[in-house]
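In: show me how the following folds:
(2 chains)
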Amino acid sequence: MALIEIEDLEVTFGSGGRVVQALRNVSLSVCEEESFGIVGESGSGKSTVLRALCGLAPVTGGRMRIAGKAVPSPRDPEFYRRVQMVFQDPYASLHPRHTIDRVLSEPLAIHGFDRREQRVEQALDEVGLGAGFRFRYPHQLSGGQRQRVAIARALILEPSVILLDEPTSALDASIQAEVLNLLDRLRAERGLTYVLVSHDLAVVSHMCDRLVVMQSGEVVEHLTREALKDHVTKNDYTSNLLTASEGFTRDPAPQR
Amino acid sequence: MKPLLSVENLRIAFPSRQGPVEVVRGVSFNLGRERLGIVGESGSGKSQTGRALLGLTPVSGTATADRLEFDGVDLRNATAKQWRSLRGARMSMVMQDPKFSLNPVMTIGKQLMEAVKLHGGKSEARDKSLAMLEAVQIRDPDRVMAAYPHELSGGMGQRAMIAMMLVTEPDLLIADEPTSALDVTVQIEVLRILDNLVTQRGMSLIFISHDLKLVSTFCDRVLVMYAGRVVEELDASRMSEASHPYTRGLLNCLPTITGDSRPLPVLARDDAWLE
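Out: This is a model prediction of the structure:
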């Protein structure tokens, strides 16, 4: 059974004469313990899907269900205990004047968890940082370490769904590999469900079994990892993305 | 043939509380009429190397070299006047992000024509600028000339900046991550434009990037930098024969669409690489 179901989702920004329709009729479903990918260029609305699910974007139409139940609006604490998000930029998503301990304890306090100290230490261990990082500030950490803290913050409420918005695009290639391995291991250990948004086809095909390709607010193609490997794509835009992700070629590529 | 640019033992240091920190430690290379790629992670000193070639090291830093020569001109002790005649006219630089590198309160046309006027050719400034915008495949150059940077998309802005840097027809173009802020498909378009212009005009290009795969498909020769040093230099076509463990690690840690290695090989850093 599908854990996350999104049907005909519409998101509209602005009002009056300047209306931007960021999402049009987006439908997708994500199964339990699956890793699902969303690929597209900037402005295609791929991040907006995640933000709409979390209640961070103005939804103007469509239905969203999690485990068969409609997502409440505004989102209740129970929703956030089940669904957590990791944002793109580890430099912007951690409070610069809060220690790591405070960053990780806050969600525990909000949701009334017990054994907070142990949980914080355990969460740091799980993302490979160790308790020694507990009383540092974000500026004392590298980009990869900060993204690990952001992942620990999402994991500390023991959610079943993690929404990943470009989790590695601000990181160097070698650090990206470490973070992707960490995400892979956590999913295997805890049976998590991932929805991963990225502009990098290689990252998505590495992490996800199924994916959708988005362009200007619409889903243009549903794909599986196998189809991507064999270059079986129906849509021109997807094949363009595939060619582009393989590096520069001197021969003129087909124009869009 | 005499190289266009030769760099020997370039060192750049910044002061810190613990004493000066060297971010570039003895980089040497020669550049002819070719496309040279400089690859490295953030903090490897690749951008500082590019900036030092144009004399753009931040004032707090000091750049020293045993030799820094551009077409017979010694750049180490160049006067402000000499720099003015070189920068823009004979060598120029494309920056990473058009949002931060274009003047937000000047139209594209004004910024473009400023470059032409400064280096001679006042009367034909407008025609030259329009022709240049067409050369970077901007379909409606008149509209773009009148537009402000915020009215353009990232890809358009980057093309406008490339036009600005090429309108004076320099001999050397330094491109510092010119496509990192762009989407993959736009990235390839911009690179194709850059490639055509470089080939047609016989320009030399230094292409600075963190993307080893992109650089190896775009450039003729690649320098791999690690912690301020060049750890490996090789022909782009022979990338698979890289021998340094850092280069190999960088190549292997990228996820691929066709491969399925799980977990991904992680780059194990070795202190010996610092020496």
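In: show me where the stretch 101-250 of chain A has helices.
Out: Assigned by DSSP state H, counting those that start in this stretch, the stretch 101-250 of chain A shows helices spanning A:116-126, A:143-155, A:173-190, A:201-207, A:225-229, A:236-244.
In: residues of the third one that come out buried?
Out: Buried residues in helix A:173-190, counted by 16 or more other Cβ atoms under 10 Å in any protein chain shown: A:173-184, A:186-187. Using the backbone N, CA and C atoms, a C-beta is placed for each residue, glycine as well.
In: same thing with the shortest one?
Out: Using 16+ other Cβ under 10 Å as the test for burial, helix A:225-229 gives A:Arg225, A:Ala227, A:Leu228.
In: which element is B:Ser28 on?
Out: In this structure, B:Ser28 sits in strand B:21-31 according to DSSP states H and E.
In: partners of the very next helix or strand once past that strand, with directions?
Out: Where DSSP H and E defines the elements, the next helix or strand beyond strand B:21-31 is strand B:35-39. Strand B:35-39 sits in its sheet next to strand B:204-209 (parallel), strand B:221-226 (parallel), going by DSSP bridges.
In: I'd like to know which of these lies nearest to B:Pro15.
Out: strand B:221-226 (21.9 Å; Cβ to Cβ).
In: contacting residues for the most centrally placed residue in chain B?
Out: Of all residues in chain B, the one closest to the mean position by Cα atoms, centre = their mean is B:Ala175, 2.2 Å from it. Listed by Cβ atoms under 8 Å, 6 or more residues apart in numbering or on different chains, the contact set of B:Ala175 reads B:Met93, B:Val94, B:Leu194, B:Leu205, B:Ile206, B:Phe207, B:Ile208.
In: as TSV, those with neighbour count and pLDDT would be great.
Out: As requested, those are exported to TSV (neighbours: other Cβ atoms under 10 Å in any protein chain shown; pLDDT from 0 to 100):
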residue	neighbour count	pLDDT
B:Met93	23	91
B:Val94	24	89
B:Leu194	26	85
B:Leu205	23	93
B:Ile206	25	94
B:Phe207	26	94
B:Ile208	27	93
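In: make a markdown table out of those and add distance to A:Leu56.
Out: Converted to a markdown table, those look like this (distance: Cβ to Cβ, whole Å):
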| residue | distance to A:Leu56 |
| --- | --- |
| B:Met93 | 38 |
| B:Val94 | 35 |
| B:Leu194 | 38 |
| B:Leu205 | 42 |
| B:Ile206 | 42 |
| B:Phe207 | 38 |
| B:Ile208 | 36 |
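In: which one of the residues you listed is nearest B:Glu22?
Out: Checking the contacts of B:Ala175 against B:Glu22 with Cβ to Cβ, the nearest one is B:Ile208 at 18.8 Å.
In: OK, contacts around the closest one?
Out: By Cβ under 8 Å, 6+ apart, the residues touching B:Ile208 are B:Gly37, B:Ile38, B:Lys46, B:Ser47, B:Thr49, B:Gly50, B:Ile174, B:Ala175, B:Asp176, B:Glu177.
In: quick check: it vs chain A, distance?
Out: B:Ile208 sits 14 Å away from chain A, taking Cβ to the nearest Cβ, to the nearest Å as the criterion.
In: then B:Arg221?
Out: 15 Å.
In: what's the local residue count around residue 71?
Out: No chain specified, so I'll use chain A. A:Val71 has 20 neighbours, counted by other Cβ atoms under 10 Å in any protein chain shown.
In: not what I meant, chain B
Out: 14.
In: so what pLDDT did it get?
Out: Among the per-residue scores, B:Asp71 shows a pLDDT of 89.
In: tell me the angle of the strand holding B:Ser28 relative to strand B:35-39?
Out: 160 degrees (axes from the mean of the first three to the mean of the last three Cα atoms, to 10 degrees).
In: mind giving me the packing neighbours of strand B:21-31?
Out: strand B:5-14, helix B:46-53, strand B:229-235 (3 or more Cβ pairs under 8 Å, 6 or more residues apart in numbering or on different chains; DSSP states H and E).
In: close to chain A: what parts of the stretch 101-250 of chain B are there?
Out: With Cβ under 8 Å from any Cβ of the partner chain as the criterion, the stretch 101-250 of chain B meets chain A at residues B:154, B:183-188, B:191-192, B:195, B:210-214, B:216-218, B:249-250.
In: ok, now how distant is the closest residue to B:Tyr148 other than its chain neighbours from chain A?
Out: Leaving aside its sequence neighbours, B:Tyr148 sits nearest to B:Thr107 (Cβ to Cβ, 6 or more residues apart in numbering or on different chains; 5.7 Å). Note on B:Thr107: its distance to chain A, by Cβ to the nearest Cβ, is 23 Å.
In: test my guess that B:Thr107 contacts B:Met145.
Out: Yes - using Cβ atoms under 8 Å, B:Thr107 is in contact with B:Met145, at 6.8 Å.
In: which positions in chain A make contact with chain B?
Out: Within chain A, the residues that sit near chain B (Cβ under 8 Å from any Cβ) are A:41-42, A:143, A:172-174, A:176-178, A:180-181, A:184-185, A:199-203, A:205-207, A:228-229, A:240-250, A:252-253, A:256.
In: which of those residues are buried, as a ChimeraX select command?
Out: The following ChimeraX line selects those of the residues of chain A next to chain B that are buried, judged by 16+ other Cβ under 10 Å:
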select /A:41,143,172,173,174,176,177,178,180,181,184,199,200,201,202,203,205,206,207,228,240,241,242,243,244,245,246,247,248
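In: on that earlier part again, neighbour count winner among B:Thr107 and B:Met145?
Out: Neighbour count, other Cβ under 10 Å: between B:Thr107 and B:Met145, B:Met145 has more, with 20 against 16.
In: check contacts around the more buried one.
Out: By Cβ under 8 Å, 6+ apart, the contact set of B:Met145 is B:Thr107, B:Ile108, B:Gly109, B:Leu112, B:Ser129, B:Leu130, B:Leu133.
In: quick check: the farthest pair among those?
Out: B:Thr107 and B:Leu130 (13.3 Å).
In: sorry, back to before: reformat the buried residues of helix A:225-229 as a markdown table; add distance to A:Val59.
Out: Listed next are these as a markdown table, based on distance: Cβ to Cβ, whole Å:
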| residue | distance to A:Val59 |
| --- | --- |
| A:Arg225 | 30 |
| A:Ala227 | 30 |
| A:Leu228 | 30 |
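In: which one among those gets closest to B:Ala160?
Out: Ranked by distance to B:Ala160 (Cβ to Cβ), these are led by A:Leu228 at 34.4 Å.
In: number of residues surrounding B:Asn223?
Out: Quick fix: residue B:223 is Leu, not Asn. B:Leu223 has 23 neighbouring residues, counting by other Cβ under 10 Å.
In: and if you look at B:Gly155?
Out: Residues within reach of B:Gly155, counting by other Cβ under 10 Å, total 21.
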